[in-house]
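Asker: Kindly generate the corresponding structure for this input.
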Amino acid sequence: MKSRFMTRGNAVVFCLGVALWGVTAPKAGLARGAAGGGVVQIKRPNLVVEDLDRSLRLYRDILGFKVFAVGDSQSDSYSYPVFRFPKEARLRMATLSTDTHVRALALTEVRGVRLPPLPVPHRTAVVIQVQGLEQIMKRVEAEGLKVVPATSSRTAEGQTFIEQAFEDYDGHLIVLYELRP
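Answerer: The predicted structure is shown next:
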């Protein structure tokens, strides 16, 4: 019998539709919550992956994230009910930092159960600001990952940027962008 997890590809990804590089709010980079006036901040999108070591080659070695911590999750981890992982799944998690954000991204490896493919068209993306976009994309292409051609545009403030997307090893849509002078 298939578990609910096996039939619901949408439950695999949590918090992907957020940009890693900040909420654009006045000066502090934080937005005010509508209901209670508290601070709203985007923190640590989590990508579910089949092979953490392979994913670290991409996110650490190619994109430049720094590993903050790697470890096995306990059987009572909050990830089980949040992602709807079956109890027989074994989890290992890595948190990754940037030069300016501690634990900016998480990768959760699921072992012992088969992950369903992510839906296409993509429903979410992680957007990451980088430097050296062309060099990074050469390395991404060398990994054999699906790449979308680059495009150029302007921000609402009039700054030019180049963006290019790809699917990581597990089918997550990753959009890289680089601001240009």
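Asker: which residues in this structure form strands?
Answerer: Ranges of strands in the chain, per DSSP state E, are 31-32, 39-40, 46-49, 66-72, 90-97, 105-111, 126-129, 151-154, 160-167, 173-180.
Asker: which stretch among those strands comes nearest Val82?
Answerer: Smallest distance to Val82 across these (CB to CB): 8.8 Å, for strand 46-49. In this view, the C-beta of every residue, glycine as well, is placed from N, C-alpha and C.
Asker: Output the contacting helices and strands for the closest one.
Answerer: strand 105-111 (3 or more CB pairs under 8 Å, 6 or more residues apart in numbering; DSSP states H and E).
Asker: returning to that earlier point: possible to save the strands of the chain as TSV with mean neighbour count, distance to Pro119 and mean pLDDT?
Answerer: Output for the strands of the chain, formatted as TSV (neighbours: other CB atoms under 10 Å; distance: least, CB to CB, whole Å; pLDDT from 0 to 100):
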stretch	mean neighbour count	distance to Pro119	mean pLDDT
strand 31-32	14	29	66
strand 39-40	12	27	82
strand 46-49	23	14	98
strand 66-72	13	28	98
strand 90-97	19	22	98
strand 105-111	22	17	98
strand 126-129	19	16	97
strand 151-154	10	23	97
strand 160-167	17	12	98
strand 173-180	18	11	97
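Asker: Those strands: which one's closest to Ile136?
Answerer: Minimum separation from Ile136 across the strands of the chain (CB to CB) falls at strand 173-180, 6.5 Å.
Asker: which residues are in contact with the closest one?
Answerer: Residues from elsewhere that reach strand 173-180 (CB atoms under 8 Å, 6 or more residues apart in numbering): 16, 63, 122, 124-133, 136-137, 152, 155, 159-168.
Asker: Many thanks, I have nothing further to ask.
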